[in-house]
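Participant: Sequence below, structure please.
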Amino acid sequence: MLSTIACSLRVTSLAFVALAASNKVYALQHSTDGVANGSRHSFAVRYAFLNPSHKASNLGLQLSLIEKSVCHLEQHLTSGLSAIGLPPPWYFIYTDNSTDVSLRQLLAGSPDVDVVRRVNIVNLDTEPDDFQRMAPFTGLGLDPTNLASVRRTLADDALLPSEHGRLLLGTDIVFLRRPDEFLQRATHLLPHQALYMADGATWGGELYTMAGYTGPQCPGLVGDFIFLSPNTRVSASVLREKMLWYRDSVANGSPGTQPECLSCPGLHAIDQFGLMLALGEAVVPQGTAGGCSPLSLKLHQHVPSGLKVPGPLVQIAHGKLPLDGMTCSAFSGYERAAERHFMLLGIELATLAAAVLCVRHSCGFIFTMRAAPLPTKRFASVAM
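Facilitator: Sure, this is the predicted structure:
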(Lines give C-alpha, C1' and ligand atoms only; values in the text may rest on other atoms or scores of the structure.)
Protein backbone atom coordinates (compact mmCIF):
# COMPACT_ATOMS: atom_id res chain seq x y z
CA MET A 1 0.00 0.00 0.00
CA LEU A 2 2.82 2.38 0.91
CA SER A 3 4.57 1.67 -2.38
CA THR A 4 1.34 2.42 -4.25
CA ILE A 5 0.97 5.77 -2.47
CA ALA A 6 4.62 6.63 -3.10
CA CYS A 7 4.21 5.87 -6.78
CA SER A 8 1.19 8.18 -6.93
CA LEU A 9 3.17 11.29 -5.88
CA ARG A 10 3.36 13.70 -8.77
CA VAL A 11 6.67 14.76 -10.30
CA THR A 12 6.47 17.88 -12.49
CA SER A 13 9.04 18.37 -15.27
CA LEU A 14 9.42 20.59 -18.35
CA ALA A 15 9.51 18.86 -21.70
CA PHE A 16 10.33 20.98 -24.72
CA VAL A 17 8.75 19.45 -27.79
CA ALA A 18 6.77 20.82 -30.72
CA LEU A 19 3.41 19.57 -31.91
CA ALA A 20 2.91 17.88 -35.24
CA ALA A 21 1.40 20.02 -37.97
CA SER A 22 -0.40 19.48 -41.25
CA ASN A 23 0.48 21.09 -44.58
CA LYS A 24 -2.80 23.00 -44.92
CA VAL A 25 -1.51 26.57 -44.87
CA TYR A 26 1.99 27.52 -45.96
CA ALA A 27 2.39 30.84 -44.17
CA LEU A 28 1.23 29.60 -40.77
CA GLN A 29 3.19 26.37 -40.90
CA HIS A 30 5.83 24.69 -43.00
CA SER A 31 7.78 21.49 -42.54
CA THR A 32 11.44 20.82 -43.15
CA ASP A 33 12.94 17.35 -42.87
CA GLY A 34 15.61 16.96 -40.24
CA VAL A 35 14.45 19.84 -38.03
CA ALA A 36 13.82 18.95 -34.38
CA ASN A 37 14.01 15.19 -34.81
CA GLY A 38 12.11 15.32 -38.08
CA SER A 39 8.92 16.65 -36.50
CA ARG A 40 6.59 18.97 -38.34
CA HIS A 41 5.76 22.19 -36.54
CA SER A 42 3.21 24.96 -36.61
CA PHE A 43 4.49 28.53 -36.44
CA ALA A 44 6.60 29.78 -33.54
CA VAL A 45 5.66 32.56 -31.13
CA ARG A 46 8.55 34.52 -29.64
CA TYR A 47 8.45 36.37 -26.32
CA ALA A 48 11.29 37.94 -24.34
CA PHE A 49 11.18 37.79 -20.53
CA LEU A 50 14.24 39.87 -19.64
CA ASN A 51 15.04 41.93 -16.56
CA PRO A 52 18.21 43.91 -17.35
CA SER A 53 17.70 46.23 -14.35
CA HIS A 54 17.59 43.21 -11.98
CA LYS A 55 14.82 44.86 -9.96
CA ALA A 56 12.48 42.50 -8.14
CA SER A 57 9.50 44.77 -8.85
CA ASN A 58 10.16 44.59 -12.60
CA LEU A 59 10.46 40.82 -12.40
CA GLY A 60 6.99 40.43 -10.90
CA LEU A 61 5.41 42.79 -13.43
CA GLN A 62 7.02 41.11 -16.44
CA LEU A 63 6.07 37.66 -15.17
CA SER A 64 2.45 38.77 -14.80
CA LEU A 65 2.45 40.31 -18.29
CA ILE A 66 3.82 37.25 -20.05
CA GLU A 67 1.47 34.93 -18.16
CA LYS A 68 -1.58 36.98 -19.18
CA SER A 69 -0.39 37.42 -22.76
CA VAL A 70 0.15 33.68 -23.24
CA CYS A 71 -3.18 32.92 -21.58
CA HIS A 72 -5.15 35.22 -23.89
CA LEU A 73 -3.20 33.97 -26.91
CA GLU A 74 -4.14 30.39 -26.06
CA GLN A 75 -7.75 31.34 -25.44
CA HIS A 76 -8.26 33.28 -28.68
CA LEU A 77 -5.52 32.61 -31.25
CA THR A 78 -5.06 28.91 -30.53
CA SER A 79 -8.82 28.34 -30.57
CA GLY A 80 -8.95 30.21 -33.87
CA LEU A 81 -6.26 27.94 -35.32
CA SER A 82 -8.19 24.90 -34.13
CA ALA A 83 -11.35 26.20 -35.82
CA ILE A 84 -9.59 26.14 -39.21
CA GLY A 85 -7.98 22.77 -38.59
CA LEU A 86 -4.48 23.93 -37.64
CA PRO A 87 -2.40 22.86 -34.63
CA PRO A 88 -1.49 25.26 -31.81
CA PRO A 89 1.70 27.35 -31.94
CA TRP A 90 4.90 26.56 -30.12
CA TYR A 91 6.85 29.11 -28.08
CA PHE A 92 10.37 30.47 -27.83
CA ILE A 93 10.83 32.57 -24.69
CA TYR A 94 14.11 34.41 -24.14
CA THR A 95 15.23 34.77 -20.52
CA ASP A 96 18.30 35.98 -18.68
CA ASN A 97 19.89 34.87 -15.41
CA SER A 98 17.51 37.14 -13.50
CA THR A 99 14.31 35.68 -14.98
CA ASP A 100 15.07 32.12 -16.03
CA VAL A 101 14.23 30.41 -12.73
CA SER A 102 10.98 32.37 -12.27
CA LEU A 103 9.71 31.35 -15.70
CA ARG A 104 10.61 27.71 -15.15
CA GLN A 105 8.81 27.77 -11.81
CA LEU A 106 5.72 29.27 -13.42
CA LEU A 107 5.67 26.53 -16.03
CA ALA A 108 6.49 23.75 -13.59
CA GLY A 109 3.64 24.92 -11.35
CA SER A 110 1.09 25.00 -14.15
CA PRO A 111 -1.29 22.08 -14.66
CA ASP A 112 -1.63 23.07 -18.33
CA VAL A 113 0.76 20.45 -19.63
CA ASP A 114 -0.23 21.00 -23.26
CA VAL A 115 0.97 24.61 -23.10
CA VAL A 116 4.10 23.82 -21.11
CA ARG A 117 5.24 21.12 -23.52
CA ARG A 118 5.22 23.67 -26.38
CA VAL A 119 7.64 26.06 -24.67
CA ASN A 120 11.35 26.36 -25.46
CA ILE A 121 13.32 28.56 -23.04
CA VAL A 122 16.56 30.21 -24.22
CA ASN A 123 18.68 31.98 -21.61
CA LEU A 124 20.47 34.73 -23.53
CA ASP A 125 23.04 35.11 -20.76
CA THR A 126 24.30 31.63 -21.64
CA GLU A 127 23.96 32.06 -25.42
CA PRO A 128 27.54 32.18 -26.78
CA ASP A 129 27.01 34.81 -29.51
CA ASP A 130 24.91 37.24 -27.48
CA PHE A 131 27.83 39.38 -26.28
CA GLN A 132 29.19 39.85 -29.80
CA ARG A 133 25.74 40.77 -31.17
CA MET A 134 25.28 43.42 -28.50
CA ALA A 135 28.81 44.89 -28.59
CA PRO A 136 27.96 47.88 -30.86
CA PHE A 137 25.15 48.99 -28.52
CA THR A 138 26.71 48.80 -25.08
CA GLY A 139 28.12 52.33 -25.25
CA LEU A 140 25.10 54.13 -26.71
CA GLY A 141 23.54 55.05 -23.37
CA LEU A 142 20.39 53.00 -23.95
CA ASP A 143 18.17 52.51 -20.93
CA PRO A 144 17.58 48.92 -19.74
CA THR A 145 14.24 48.59 -21.54
CA ASN A 146 15.60 49.65 -24.94
CA LEU A 147 18.74 47.58 -24.45
CA ALA A 148 16.59 44.49 -23.78
CA SER A 149 14.49 45.25 -26.88
CA VAL A 150 17.60 45.47 -29.07
CA ARG A 151 18.86 42.22 -27.54
CA ARG A 152 15.74 40.20 -28.34
CA THR A 153 15.51 41.61 -31.88
CA LEU A 154 19.11 40.72 -32.75
CA ALA A 155 18.70 37.24 -31.22
CA ASP A 156 15.78 36.33 -33.48
CA ASP A 157 17.90 35.79 -36.58
CA ALA A 158 20.18 33.33 -34.79
CA LEU A 159 17.70 31.48 -32.60
CA LEU A 160 14.38 31.24 -34.44
CA PRO A 161 13.77 28.76 -37.29
CA SER A 162 13.45 30.88 -40.43
CA GLU A 163 11.90 27.99 -42.37
CA HIS A 164 8.78 28.35 -40.21
CA GLY A 165 6.36 31.19 -39.67
CA ARG A 166 7.29 33.34 -36.64
CA LEU A 167 5.09 35.63 -34.59
CA LEU A 168 7.28 38.15 -32.73
CA LEU A 169 5.42 39.46 -29.68
CA GLY A 170 6.01 41.80 -26.80
CA THR A 171 4.70 40.78 -23.39
CA ASP A 172 2.18 43.65 -23.52
CA ILE A 173 0.30 42.17 -26.49
CA VAL A 174 -3.20 40.94 -25.58
CA PHE A 175 -5.54 38.89 -27.76
CA LEU A 176 -9.00 40.14 -26.79
CA ARG A 177 -11.04 38.15 -29.30
CA ARG A 178 -10.45 35.55 -31.96
CA PRO A 179 -8.12 37.32 -34.42
CA ASP A 180 -10.09 36.59 -37.56
CA GLU A 181 -8.39 39.21 -39.74
CA PHE A 182 -4.93 38.11 -38.71
CA LEU A 183 -5.74 34.45 -39.36
CA GLN A 184 -7.31 35.18 -42.73
CA ARG A 185 -4.44 37.34 -43.94
CA ALA A 186 -1.67 35.21 -42.45
CA THR A 187 -2.98 32.11 -44.22
CA HIS A 188 -2.64 33.89 -47.56
CA LEU A 189 0.88 35.25 -47.10
CA LEU A 190 3.52 34.09 -49.54
CA PRO A 191 7.10 33.25 -48.56
CA HIS A 192 9.27 36.29 -47.79
CA GLN A 193 6.31 38.41 -46.66
CA ALA A 194 5.19 39.89 -43.34
CA LEU A 195 2.20 41.27 -41.43
CA TYR A 196 2.49 43.73 -38.57
CA MET A 197 0.51 45.86 -36.17
CA ALA A 198 0.70 49.56 -36.98
CA ASP A 199 0.73 52.43 -34.49
CA GLY A 200 -2.27 54.63 -35.27
CA ALA A 201 -2.03 56.72 -32.10
CA THR A 202 1.47 58.05 -31.39
CA TRP A 203 1.78 60.01 -34.64
CA GLY A 204 -1.72 61.45 -34.65
CA GLY A 205 -3.23 58.75 -36.83
CA GLU A 206 -0.48 58.77 -39.48
CA LEU A 207 1.78 55.80 -40.14
CA TYR A 208 5.27 57.09 -39.42
CA THR A 209 8.24 56.68 -41.75
CA MET A 210 11.91 57.35 -41.10
CA ALA A 211 12.98 60.87 -42.01
CA GLY A 212 15.73 61.10 -44.61
CA TYR A 213 15.68 57.41 -45.47
CA THR A 214 15.29 56.61 -49.16
CA GLY A 215 15.11 52.82 -49.04
CA PRO A 216 12.06 50.55 -48.56
CA GLN A 217 10.15 50.80 -45.26
CA CYS A 218 7.21 49.22 -43.42
CA PRO A 219 5.34 52.39 -42.33
CA GLY A 220 3.89 52.56 -38.82
CA LEU A 221 5.38 49.24 -37.68
CA VAL A 222 5.03 48.33 -33.98
CA GLY A 223 8.00 46.23 -32.90
CA ASP A 224 5.90 44.13 -30.51
CA PHE A 225 3.69 42.44 -33.14
CA ILE A 226 5.19 41.13 -36.37
CA PHE A 227 4.40 37.93 -38.25
CA LEU A 228 7.03 36.61 -40.65
CA SER A 229 6.03 34.00 -43.20
CA PRO A 230 8.40 31.05 -43.76
CA ASN A 231 11.79 31.93 -45.23
CA THR A 232 11.43 35.63 -44.41
CA ARG A 233 14.82 36.35 -42.91
CA VAL A 234 15.83 39.64 -41.31
CA SER A 235 19.55 39.24 -40.70
CA ALA A 236 21.20 40.50 -37.53
CA SER A 237 23.88 42.30 -39.53
CA VAL A 238 21.29 44.31 -41.48
CA LEU A 239 19.38 45.04 -38.26
CA ARG A 240 22.56 46.42 -36.66
CA GLU A 241 23.22 48.51 -39.74
CA LYS A 242 19.73 50.05 -39.70
CA MET A 243 19.74 50.69 -35.95
CA LEU A 244 23.12 52.41 -36.16
CA TRP A 245 21.89 54.42 -39.16
CA TYR A 246 19.10 55.73 -36.93
CA ARG A 247 21.65 56.56 -34.20
CA ASP A 248 23.75 58.53 -36.68
CA SER A 249 20.70 60.23 -38.18
CA VAL A 250 19.52 61.52 -34.79
CA ALA A 251 23.06 62.56 -33.88
CA ASN A 252 23.17 64.67 -37.06
CA GLY A 253 20.01 66.57 -36.14
CA SER A 254 17.34 64.52 -37.90
CA PRO A 255 13.91 64.40 -36.21
CA GLY A 256 14.15 60.62 -36.62
CA THR A 257 10.63 60.00 -37.84
CA GLN A 258 8.12 61.88 -39.92
CA PRO A 259 5.93 63.12 -38.43
CA GLU A 260 8.33 63.71 -35.56
CA CYS A 261 7.83 61.49 -32.52
CA LEU A 262 7.35 63.67 -29.44
CA SER A 263 7.47 60.70 -27.08
CA CYS A 264 10.70 59.13 -28.33
CA PRO A 265 13.49 60.76 -26.28
CA GLY A 266 17.06 59.94 -27.16
CA LEU A 267 17.31 56.60 -28.92
CA HIS A 268 14.01 55.26 -27.60
CA ALA A 269 12.55 52.53 -29.87
CA ILE A 270 15.84 52.17 -31.80
CA ASP A 271 15.08 48.46 -32.17
CA GLN A 272 11.65 49.15 -33.70
CA PHE A 273 12.93 51.76 -36.14
CA GLY A 274 15.83 49.58 -37.24
CA LEU A 275 13.49 46.61 -37.66
CA MET A 276 10.98 48.50 -39.80
CA LEU A 277 13.79 49.42 -42.21
CA ALA A 278 15.44 45.98 -42.23
CA LEU A 279 12.11 44.21 -42.72
CA GLY A 280 11.15 46.55 -45.56
CA GLU A 281 14.34 45.50 -47.31
CA ALA A 282 13.97 41.76 -46.57
CA VAL A 283 10.43 41.14 -47.87
CA VAL A 284 9.41 40.44 -51.47
CA PRO A 285 8.32 42.72 -52.99
CA GLN A 286 10.13 45.24 -50.84
CA GLY A 287 8.40 47.66 -48.50
CA THR A 288 5.07 49.21 -49.40
CA ALA A 289 5.02 47.41 -52.74
CA GLY A 290 3.30 44.58 -50.87
CA GLY A 291 5.90 42.54 -49.03
CA CYS A 292 5.07 43.99 -45.60
CA SER A 293 1.50 44.98 -44.79
CA PRO A 294 -0.11 46.54 -41.71
CA LEU A 295 -3.13 44.97 -40.07
CA SER A 296 -6.21 47.18 -39.90
CA LEU A 297 -6.10 49.90 -37.24
CA LYS A 298 -9.75 49.28 -36.41
CA LEU A 299 -9.16 45.73 -35.17
CA HIS A 300 -5.53 45.92 -34.06
CA GLN A 301 -4.78 48.81 -31.75
CA HIS A 302 -1.77 50.31 -30.05
CA VAL A 303 -3.14 51.72 -26.79
CA PRO A 304 -0.98 54.59 -25.41
CA SER A 305 -0.52 54.81 -21.65
CA GLY A 306 -3.03 57.66 -21.40
CA LEU A 307 -5.80 55.57 -23.00
CA LYS A 308 -6.66 52.61 -20.85
CA VAL A 309 -9.38 50.83 -22.84
CA PRO A 310 -9.14 49.62 -26.46
CA GLY A 311 -12.00 50.07 -28.91
CA PRO A 312 -15.04 47.73 -28.74
CA LEU A 313 -14.13 45.81 -31.91
CA VAL A 314 -10.40 45.42 -31.25
CA GLN A 315 -9.15 41.85 -31.62
CA ILE A 316 -5.52 42.43 -30.62
CA ALA A 317 -4.27 45.27 -28.41
CA HIS A 318 -0.82 46.54 -27.50
CA GLY A 319 -0.28 48.35 -24.23
CA LYS A 320 -0.28 48.06 -20.45
CA LEU A 321 -3.97 47.23 -20.20
CA PRO A 322 -5.88 46.68 -16.94
CA LEU A 323 -6.79 43.01 -17.37
CA ASP A 324 -8.44 42.46 -13.99
CA GLY A 325 -11.90 42.32 -15.55
CA MET A 326 -10.80 40.23 -18.52
CA THR A 327 -11.24 36.56 -17.69
CA CYS A 328 -8.88 33.99 -19.12
CA SER A 329 -9.11 30.29 -18.41
CA ALA A 330 -6.73 28.89 -21.01
CA PHE A 331 -3.57 29.03 -18.91
CA SER A 332 -3.79 28.84 -15.12
CA GLY A 333 -1.73 31.32 -13.12
CA TYR A 334 1.25 30.35 -11.04
CA GLU A 335 -0.49 31.32 -7.80
CA ARG A 336 -3.56 29.23 -8.59
CA ALA A 337 -1.40 26.35 -9.73
CA ALA A 338 0.72 26.62 -6.58
CA GLU A 339 -2.39 26.59 -4.40
CA ARG A 340 -3.60 23.48 -6.18
CA HIS A 341 -0.15 21.92 -5.89
CA PHE A 342 0.03 22.45 -2.13
CA MET A 343 -3.58 21.34 -1.65
CA LEU A 344 -2.90 18.08 -3.47
CA LEU A 345 0.39 17.66 -1.64
CA GLY A 346 -1.48 18.08 1.65
CA ILE A 347 -3.98 15.44 0.61
CA GLU A 348 -1.15 13.09 -0.34
CA LEU A 349 0.66 13.64 2.95
CA ALA A 350 -2.57 13.08 4.87
CA THR A 351 -3.12 9.87 2.91
CA LEU A 352 0.43 8.77 3.61
CA ALA A 353 0.03 9.54 7.32
CA ALA A 354 -3.22 7.61 7.40
CA ALA A 355 -1.50 4.69 5.71
CA VAL A 356 1.29 4.74 8.29
CA LEU A 357 -1.25 4.81 11.12
CA CYS A 358 -3.13 2.02 9.43
CA VAL A 359 0.03 -0.09 9.24
CA ARG A 360 0.77 0.59 12.91
CA HIS A 361 -2.73 -0.38 13.95
CA SER A 362 -2.52 -3.44 11.74
CA CYS A 363 0.75 -4.48 13.37
CA GLY A 364 -0.74 -3.96 16.82
CA PHE A 365 -3.82 -5.87 15.77
CA ILE A 366 -1.73 -8.78 14.50
CA PHE A 367 0.33 -8.77 17.70
CA THR A 368 -2.89 -8.89 19.75
CA MET A 369 -4.13 -11.70 17.54
CA ARG A 370 -1.03 -13.71 18.30
CA ALA A 371 -1.31 -13.08 22.02
CA ALA A 372 -5.05 -13.80 22.29
CA PRO A 373 -6.75 -14.96 19.09
CA LEU A 374 -10.13 -13.44 18.46
CA PRO A 375 -13.20 -15.52 17.74
CA THR A 376 -13.32 -16.54 14.11
CA LYS A 377 -16.68 -14.90 13.44
CA ARG A 378 -15.57 -11.52 14.81
CA PHE A 379 -12.29 -11.63 12.88
CA ALA A 380 -14.16 -12.33 9.68
CA SER A 381 -16.44 -9.35 10.21
CA VAL A 382 -13.48 -7.02 10.78
CA ALA A 383 -11.71 -8.35 7.72
CA MET A 384 -14.72 -7.68 5.56
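Participant: Tell me the backbone dihedrals of residue 166, please.
Facilitator: Residue 166 adopts backbone torsions of phi -140, psi 130, taken as degrees, to the nearest 10.
Participant: Show me what the helix or strand that residue 121 is a member of is packed up against.
Facilitator: Using DSSP states H and E, the element containing residue 121 is strand 119-123. For strand 119-123, the helices and strands in contact under the criterion 3 or more CB pairs under 8 Å, 6 or more residues apart in numbering; DSSP states H and E are strand 90-95, helix 100-108. (Glycine included, C-beta is placed from N, CA and C.)
Participant: Over it, what's the mean pLDDT, rounded is fine.
Facilitator: The average pLDDT for strand 119-123 rounds to 98.
Participant: Past it, which element shows up next along the chain?
Facilitator: That would be, after strand 119-123 and using DSSP H and E, helix 130-134.
Participant: Can you list the buried residues in that following helix?
Facilitator: Buried residues in helix 130-134, counted by 16 or more other CB atoms under 10 Å: 130, 133, 134.
Participant: How are the strands of the stretch 151-300 of the chain distributed by residue range?
Facilitator: In the stretch 151-300 of the chain, the strands defined using DSSP state E, counting those that start in this stretch lie at 166-169, 173-175, 194-198, 209-210, 221-228, 257-258, 292-294, 300-302.
Participant: and the last one, which strands flank it?
Facilitator: To tie it back to what came earlier, the one meant is strand 300-302. Each strand that pairs with strand 300-302, with its direction, by DSSP bridges: strand 316-318 (parallel).
Participant: From the rest of the structure, what touches the partner strand?
Facilitator: Applying CB atoms under 8 Å, 6 or more residues apart in numbering, the contact partners of strand 316-318 are 170, 172-176, 179, 182, 197, 222, 224-225, 295, 299-303, 310.
Participant: which stretch among the helices and strands packed on strand 119-123 comes nearest residue 162?
Facilitator: Residue 162 lies closest to strand 90-95 among those, at 12.5 Å (CB to CB).
Participant: before we move on, the earlier item: so which residues make contact with the strand holding residue 121?
Facilitator: Identification of contacts with strand 119-123 by CB under 8 Å, 6+ apart yields 14, 16, 90-97, 100, 103-104, 107, 155, 159.
Participant: Looking at these, which is nearest residue 259?
Facilitator: Taking the contacts of strand 119-123 together and measuring to residue 259 by CB to CB, the closest member is residue 155, at 31.0 Å.
Participant: Let me see the contact set for that closest one.
Facilitator: Residues in contact with residue 155 (CB under 8 Å, 6+ apart) are 94, 122, 124, 127, 130, 133.
Participant: Identify the spatial nearest neighbour of the last one, chain neighbours not counted.
Facilitator: So that's residue 133. Excluding the flanking residues, the one nearest residue 133 by CB to CB, 6 or more residues apart in numbering is residue 154, at 4.5 Å.
Participant: ok, the one you found - contacts?
Facilitator: 133, 134, 236, 239, 240.
Participant: and the residue nearest the centre of the chain, what element?
Facilitator: When CA atoms, centre = their mean is applied to the chain, the residue found nearest the centroid is residue 47 (3.8 Å). Using DSSP H and E, residue 47 falls within strand 44-48.
Participant: Output the below-cut-off pLDDT ranges for the stretch 251-384 of the chain.
Facilitator: For the stretch 251-384 of the chain, the stretches with pLDDT under 70 are 305-308, 323-327, 329-384.
Participant: First-to-last residue distance for stretch 133-143?
Facilitator: One end of stretch 133-143 sits 17 Å from the other (CA to CA, to the nearest Å).
Participant: Correction: the previous question concerned stretch 273-293.
Facilitator: Distance across stretch 273-293, first residue to last, is 16 Å (CA to CA).
Participant: Next: stretch 131-139.
Facilitator: From start residue to end residue, stretch 131-139 stretches across 13 Å - CA to CA.
Participant: And stretch 186-200, by the same measure?
Facilitator: 21 Å.
Participant: Show me which positions of it end up buried.
Facilitator: 186-187, 189, 191-200.
Participant: For these, work out which two are farthest apart.
Facilitator: Going by CB to CB, the pair spanning the buried residues of stretch 186-200 furthest: 191 and 200, at 28.1 Å.
Participant: Below-threshold pLDDT in the stretch 101-250 of the chain: ranges please.
Facilitator: In the stretch 101-250 of the chain, no residues with pLDDT under 70.
Participant: try it again with 90
Facilitator: 111, 204 (pLDDT under 90).
Participant: ok so, going back, with distance to residue 141 as extra columns, can I get the buried residues of helix 130-134 in TSV?
Facilitator: Formatted as TSV, these follow (distance: CB to CB, whole Å):
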residue	distance to residue 141
130	20
133	18
134	14
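Participant: Kindly provide the distance from the residue nearest to residue 296 when sequence neighbours are not counted to residue 205.
Facilitator: Leaving aside its sequence neighbours, residue 296 sits nearest to residue 181 (CB to CB, 6+ apart; 6.1 Å). Distance, residue 181 to residue 205, using CB to CB, to the nearest Å: 19 Å.
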